[in-house]
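Chemist: Quick one: sequence plus predicted model below, questions after.
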Amino acid sequence: MICFTGGEVTTRLDLLMEGVNRCREIGLAYSITTNATWAQVEVGLENFLETFSDCHVLGISYDRFHAPFIEPSVPLKVLRSATEKGMFALLRYTICADEDESEILKGLGLYGSELAENVRFSGLMAIGRASNLLNDLMPVHDLDEPCLTASVKTVRPDGNVYGCCGEAFYLPDPNPLLLGNAYTTPISEIFARSSKNIVLQAIRTIGPRKIVRDANLVTEKVGEEEVLARSPCGSCRLMFRNKESSSKSISYAESRSPRVRALRALFYGEL
Ligand code: SF4
């Protein structure tokens with residue numbers, strides 16, 4: 001499946017349409033993630049849902065950081081309308097350490113309703129522009145969770161292809177999550193590289209937070225490193241912030257390659 005995401009994809013509607021039409025031509029499922037600002041006028045809502053009615057998953061981003069720019073009634077209206085039309089829609093909410101899922105659902109008027117099932121929470125991470133936010137807002141993510149997003153490849157407008165759709169874009173290049181460039185190398189060849197990329201495979205099986213802890217990449221008990229180590233993508237930043245930490249991470253992953261192979265077979269059926 002191809003997922004179109006941004007920034008905000010609908011600011012380049014021409015490109016989005018071209019990509020979606022290519023997917024349709026070759027029979028590939030597609031999904032769209034959007035902030036739903038286009039739904040602030042009724043005609044925008046109707047047009048969008050009609051144009052992309054075959055969208056596999058419609059992801060609507062909304063959280064406290066979107067709130068100053070868009071009324072919660074708008075993403076909720078999209079969620080409701082899309083669901084009523086038989087589309088699969090999810091409200092994707094980035095949750096902070098001082099927020100509570102039930103309270104958020106109550107605030108949105110969804111608590112106890114069937115649509116509450118269509119709200120997915122993910123914890124805020126100190127990456128990208130969010131690295132300027134207060135440390136107190138950053139929740140502590142599950143320590144040993146493998147990164148499932150490391151099974152998704154991302155193609156950026158400059159042709160760079162990354163082995164995930166997270167912090168990899170913000171890391172200094174080159175880093176092990178940058179798999180190649182689609183303008184210079186066939187994309188099938190680039191995609192094939194991810195299978196042999198031992199550190200990427202360790203991230204999707206052992207998990208970035210565990211790697212960072214076991215490879216001793218966190219030296220501070222408080223401060224920037226501690227905050228980064230709270231989250232999976234923050235941990236990748238610690239792993240690949242410079243040559244030394246990258247090479248420690250790769251050595252760790254290589255030393256665990258039998259375990260990584262076994263976990264790939266167990267989790268993903270990859271032999
Ligand atoms: S945890 Fe690492 S591999 Fe996973 S999405 Fe974040 S940066 Fe990418």
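Modeler: Yes, it's here.
Chemist: Check the burial of the spatially closest residue to residue 144 that is not a sequence neighbour by counting its neighbours.
Modeler: Setting aside the residues directly before and after it, residue 144 is nearest to residue 210 in space (CB to CB, 6 or more residues apart in numbering), at 4.8 Å. (C-beta placed from N, C-alpha, C; glycine too.) A count of nearby residues for residue 210, using other CB atoms under 10 Å, gives 19.
Chemist: and if you look at the one 4 residues further on?
Modeler: Neighbour count of residue 214, defined by other CB under 10 Å: 12.
Chemist: what do you get for residue 149?
Modeler: Neighbour tally, residue 149, other CB under 10 Å: 18.
Chemist: ok, residue 69 to the ligand distance?
Modeler: Note on residue 69: its distance to the ligand, by CB to the nearest ligand atom, to the nearest Å, is 25 Å.
Chemist: what does residue 199 give?
Modeler: For residue 199 relative to the ligand (CB to the nearest ligand atom), the value is 9 Å.
Chemist: So that residue belongs to a helix, correct?
Modeler: Yes: judged by DSSP: H, G, I helix; E, B strand; the rest coil, residue 199 forms part of a helix.
Chemist: Isn't it up against residue 256?
Modeler: No: counting by CB atoms under 8 Å, residue 199 sits too far from residue 256 to count as a contact (10.1 Å).
Chemist: quick one: which of those two has more around it?
Modeler: residue 199 (24 against 21).
Chemist: need the contact list for that one.
Modeler: Residues near residue 199 by CB atoms under 8 Å, 6 or more residues apart in numbering: 176, 239, 249-250, 253.
Chemist: hmm, 10 Å instead?
Modeler: With contact taken as CB atoms under 10 Å, 6 or more residues apart in numbering, residue 199 is in contact with 150, 163, 175-177, 208, 211, 236, 239-240, 246, 249-254, 260.
Chemist: Same question for residue 122.
Modeler: Going by CB under 10 Å, 6+ apart, the list of residues near residue 122 reads 63, 92-95, 139, 141, 149, 231-232.
Chemist: near the ligand, from those residues?
Modeler: 149, 232 (CB under 6 Å from any ligand atom).
Chemist: Of the contacts of residue 122, which belong to strands?
Modeler: Secondary structure assignment by DSSP state E places 92-95 of the contacts of residue 122 in strands.
Chemist: Report pLDDT for residue 165.
Modeler: Residue-level confidence at residue 165 comes out at 88, pLDDT.
Chemist: Name the nearest residue to it, sequence neighbours excluded.
Modeler: residue 154 (4.4 Å).
Chemist: Bridge partners for the one you found, pull those for me.
Modeler: As for beta bridges, residue 154 partners with residue 162 under DSSP bridges.
Chemist: burial of it, as a residue count?
Modeler: Residue 154 - counted by other CB under 10 Å - has 18 other residues nearby.
Chemist: need the contact list for it.
Modeler: Going by CB under 10 Å, 6+ apart, the list of residues near residue 154 reads 3, 5, 160-166, 168-169, 177, 179.
Chemist: how much space between it and residue 218?
Modeler: In this view, residue 154 and residue 218 are 26 Å apart by CB to CB, to the nearest Å.
Chemist: what do you get for residue 143?
Modeler: 12 Å.
Chemist: residues shared between the contacts of the two?
Modeler: Common neighbours of residue 143 and residue 218 (CB under 10 Å, 6+ apart) are 209, 212, 229, 235.
Chemist: Using CSV, lay out those residues together with pLDDT.
Modeler: Below are the shared contacts of residue 143 and residue 218 laid out as CSV (pLDDT from 0 to 100):
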residue, pLDDT
209, 96
212, 95
229, 93
235, 95
